[in-house]
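A.B. asks: Okay, here's the prediction I keep looking at, along with the sequence it came from:
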Amino acid sequence: MGKVILMEKTSIDFNEIYERYCLALDRIREIPDEVKAAPAGGGYDYLDFFVKKAEWITNCLDGLHNISIDTIKDYSVNDLARINSSIYKDISEDYDTSYSNPNYSEDKLGIYGQILSFVSAELMTLPSLIMYVKSEDIAETDISKVTYLLELFLYLYGLFNSDEKPTLKELESAVYYYAFDYIEEIAEDRLRENTFPNERSVGNRIIREADITDPSYLYLYGDYISDTEVSISSYLASLPEERILDIAKTFCGGFRRGFDVMGVNFEGKRYVNIRYHIGMERIVRAAVGLFSEMGLEPVLNRSTSSRLVRKGTVKTGFESTSPNMQFEFDHRMDDSFFMDKRFIQRRVDATREAYEKIKEDIKHYAGPAVIESFGEALFSPVVKDSAPLYSDEATRINVELYSKLGALSNEYLPGDEYSFTIIAFPLPDIGDDFEEIFNETMVINTLDNDKYIKIQQSIIDVLDKADHARVIGMNGNQTDMSVKLRHLENPDKETEFENCTADVNIPLGEVFTSPVLKGTHGTLNVKSSYLNGYTFKNLTIRFEDGVVTDYTCDLEEDSSDKEALDKNSAEKITSDENAKKYIKNNILFNHETLPIGEFAIGTNTYAYSMAVKYDILEKLPILIVEKTGPHFALGDTCYSHAEDHAVFNPDGKEIICRENDFSLLRHTEPEKAYFNCHTDITIPYNELGLLTAVMPDGTEVDIIKDGRFVLEGTEELNEALM
């Protein structure tokens, strides 16, 4: 079924595109010798870019051309590792002198540096794409994507390989039309591969056919493979089958329970999109078997890499460790080269057309099942003036684009017609205690739901009577927040907070609500937080009537001293202006402001205790961190696009706080209703001085004081904190 659906898309002539691919590659092979034999002049000073990139392209395609699941046995692990390392060396080890580095590119290429750095970064999508280009029975769209990119490279080379230097406008035009001409095909392909099974995809064949006890299989993806992927694969291979099955049962069971908890009809669902860190294939293979027993086929797609369809640094699909997070950060706004109203309208139209083609089959989509990873080295990016940034107009258009894409998604795949689940496990990068942390994480993921339901109900019973909650920091944390709560008209049948256990979000351990915005105000502060892949130090956000009014943090960035930059010893300075841009880009996602979509109290003291024991609090994913203290989410509510769908707690009460002043506009002004983001910011127990429920008469009932639970019925939570 999945294979047939995939091939219903508009087909392109494989023979024609394959011929174009071969011609482009042959022409690229000629560039190094051609440039070296040519006299200096014209654009000669800029041709070093094309020589180095041509050599890299040749090395990449030649190195990967014959590697497939059928030939992998002909290569040693060392040979595969050497090929992989040589392909990614440019951005992993040699980034200081790479044209993918905007600083270096600007220094060497002047006004052309920024846009050619984009081209260099876009070429880094080739390794994963080329693994699909093996023969005529492989999806044609993948060879077409490779071909389009090679032809862009050759066109730009032609502009420079002449007696006169090209204008910057000519380069910008070439890049713009590369994006504009092919976005229709690429957007449709991305939608399909995220939604429907493809038996021929690399991910699917690896999970079903590869010998995953031999780390050689890791190199079939084409992604960067580090010691991390090899180590996690080897560790999982060492575990007994029953241990792997226990993990898979927890994961798959949470996904299935999500339908019941959210009141979503499971009947007729056929496809589940499994997302994971490369190296975790043994868990995924077990999960595929369990999902099959539920009647679900796996959708296994690679994460987005092309700047044509990628949102910032967000990746959706299977992924590996990044070769260089600074590289990812430097190119997070590369779509600024083609982000205009004409382009976004073409992408939106193409996406709608793609949805129309699959509107009946997409009803069988069950949702994403995500295995997150954590433990990688924390990353504090350096902000570079040489990296592309959105103009005010591009920022506005970018927000408009994802608002329209979000509305389209909900139109054809309503949020109340599918479910999801997320679970997380550590990577070996987390340190010498990896195995102990992995085992404790499994314990955290399987805590007793019934026990926590009772404890958390004690918190909900108090908050349901309160006018507002007050949250105050300690130990240097400057938080002072007042959170307005809704009045219940029928408290015997209604509740404000969801009693959250282990289903869609694993592990268990929180109660949450959509707060009333008007009357919610104050300052939220955390000393350090790792959000959306980036470190935020001394993050401070201020709110009035539930929306962000100001924000700042401590930030490292490049010195303007070019000599220091050339010596790779840039002084780090603090700039409030760039700190604001950093937060706006990576927490507000370019919105001028965001509301508080969620107020929650985490109760998983076991997770917090583990984090303190191994000193890994900053390395835990939001999925776990949000359970280790009160947290505030900026953006949409937890019930985004599903506000009209009734949800009930285990005690039978309906959770009525499913919307706010913004989502209320979904029927009259839908473009203003959603923000398509949701970022949790948690105050850990050791920074929490007081969390109290303030009653309408002004009396207070403390829930947490000096980092310990004091409310009657919650004292057991403190046992893990002793």
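C.D. replies: Ah, there it is. Not measured: the values here are computed from a predicted model.

A.B. asks: Checking T523 next. Helix, strand or coil?
C.D. replies: Using DSSP: H, G, I helix; E, B strand; the rest coil, the three-state assignment for T523 comes out as strand.

A.B. asks: Just to check, it is in contact with N477?
C.D. replies: No - T523 is not in contact with N477 according to CB atoms under 8 Å; the separation is 10.0 Å. Backbone N, C-alpha and C define where each C-beta goes, glycine included.

A.B. asks: Compare these two (neighbour count), which wins?
C.D. replies: Neighbours of T523 and N477, each counted by other CB atoms under 10 Å, are more numerous for N477; the result is 19 against 14.

A.B. asks: Need phi/psi at the more buried one.
C.D. replies: Backbone dihedrals for N477, given as degrees, to the nearest 10, come out at phi -80, psi 130.

A.B. asks: Nearest residue to it in space, please, no chain neighbours.
C.D. replies: Residue nearest to N477 in three dimensions, not counting chain neighbours: E687, with 3.8 Å by CB to CB, 6 or more residues apart in numbering.

A.B. asks: burial of that neighbour, as a residue count?
C.D. replies: Around E687 there are 20 residues (other CB under 10 Å).

A.B. asks: Just the pLDDT for it.
C.D. replies: Reading off the confidence values, E687 has pLDDT 97.

A.B. asks: residues in contact with L191?
C.D. replies: L191 makes contacts with T351, A354, Y355, I358, as judged by CB atoms under 8 Å, 6 or more residues apart in numbering.

A.B. asks: was I right about V647 contacting K653?
C.D. replies: No - in terms of CB under 8 Å, V647 does not count as a neighbour of K653; the distance is 10.1 Å.

A.B. asks: the more surrounded of these two?
C.D. replies: Here V647 and K653 are set side by side on neighbour count (other CB under 10 Å), and the busier one is K653, at 21 against 17.

A.B. asks: what are the phi and psi angles of the more buried one?
C.D. replies: Backbone torsions of K653, given as degrees, to the nearest 10, read phi -80, psi 140.

A.B. asks: The residue nearest to it when sequence neighbours are not counted: what's it in contact with?
C.D. replies: Distances taken as CB to CB, 6+ apart place T495 nearest to K653, at 4.2 Å, with adjacent residues excluded. Taking CB under 8 Å, 6+ apart as the definition of contact, the neighbours of T495 are I460, D464, L488, N649, D651, K653, E654, I655, I656.

A.B. asks: do N718 as well
C.D. replies: Under the criterion of CB under 8 Å, 6+ apart, the neighbours of N718 are T605, R708, F709.

A.B. asks: Now go through those and say which are in strands.
C.D. replies: By the criterion of DSSP state E, membership of the contacts of N718 in strands covers R708, F709.

A.B. asks: Please spell out the ChimeraX selection for the buried subset of the contacts of N718.
C.D. replies: Command for ChimeraX that selects the buried part of the contacts of N718, burial taken from 16 or more other CB atoms under 10 Å:
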select :605,709
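
A.B. asks: buried sites along the longest helix anywhere in the chain?
C.D. replies: When secondary structure is assigned using DSSP state H, the longest helix within the chain turns out to be helix 168-195. Using 16+ other CB under 10 Å as the test for burial, helix 168-195 gives 171, 174-176, 178-180, 182-195.

A.B. asks: again, but for stretch 444-462
C.D. replies: Using 16+ other CB under 10 Å, the residues of stretch 444-462 that count as buried are 444-447, 452-453, 455-462.

A.B. asks: ditto for stretch 710-722
C.D. replies: Burial within stretch 710-722, assessed by neighbour count using 16+ other CB under 10 Å, is assigned to V710, L711, T714, L717.

A.B. asks: Grab the nearest non-local neighbour of the residue sitting nearest the centre point of the chain.
C.D. replies: Per CA atoms, centre = their mean, the C-alpha nearest to the average position across the chain is that of V314, at 3.6 Å. Nearest-residue entry for V314: T304, 7.5 Å, with adjacent residues in sequence omitted and distances by CB to CB, 6+ apart.

A.B. asks: Measure how buried the one you found is and give me the count.
C.D. replies: The burial count assigned to T304 is 19, neighbours taken as other CB under 10 Å.

A.B. asks: ditto for L150
C.D. replies: 21.

A.B. asks: Quickly find the element holding it.
C.D. replies: For L150, the enclosing helix or strand under DSSP states H and E is helix 140-160.

A.B. asks: for V272, same thing?
C.D. replies: Using DSSP H and E, the secondary-structure element containing V272 is strand 271-275.

A.B. asks: C-terminal to that strand, what's the next element?
C.D. replies: Heading C-terminal from strand 271-275 (DSSP H and E), you reach helix 281-293.

A.B. asks: confidence score at G41?
C.D. replies: G41 is assigned a predicted lDDT (pLDDT) of 53.

A.B. asks: again with E360
C.D. replies: Turning to E360, the model gives it a pLDDT of 95.

A.B. asks: count of residues packed around it?
C.D. replies: E360 has 8 neighbouring residues, counting by other CB under 10 Å.

A.B. asks: Relative to S144, how far out is it?
C.D. replies: E360 is 26 Å from S144, where distance means CB to CB, to the nearest Å.

A.B. asks: for R270, same thing?
C.D. replies: For R270, the distance to S144 equals 28 Å [CB to CB].

A.B. asks: And for R302?
C.D. replies: From R302 over to S144 (counting by CB to CB), the distance is 16 Å.

A.B. asks: Check T668 too.
C.D. replies: In this structure, T668 and S144 are 42 Å apart, going by CB to CB.

A.B. asks: for D550, phi and psi?
C.D. replies: Listed backbone geometry of D550 is phi -160, psi 160, with angles given as degrees, to the nearest 10.

A.B. asks: What segments of the stretch 251-400 of the chain are helices?
C.D. replies: If you assign secondary structure with DSSP state H, counting those that start in this stretch, the helices in the stretch 251-400 of the chain sit at 281-293, 325-330, 341-358, 392-412.
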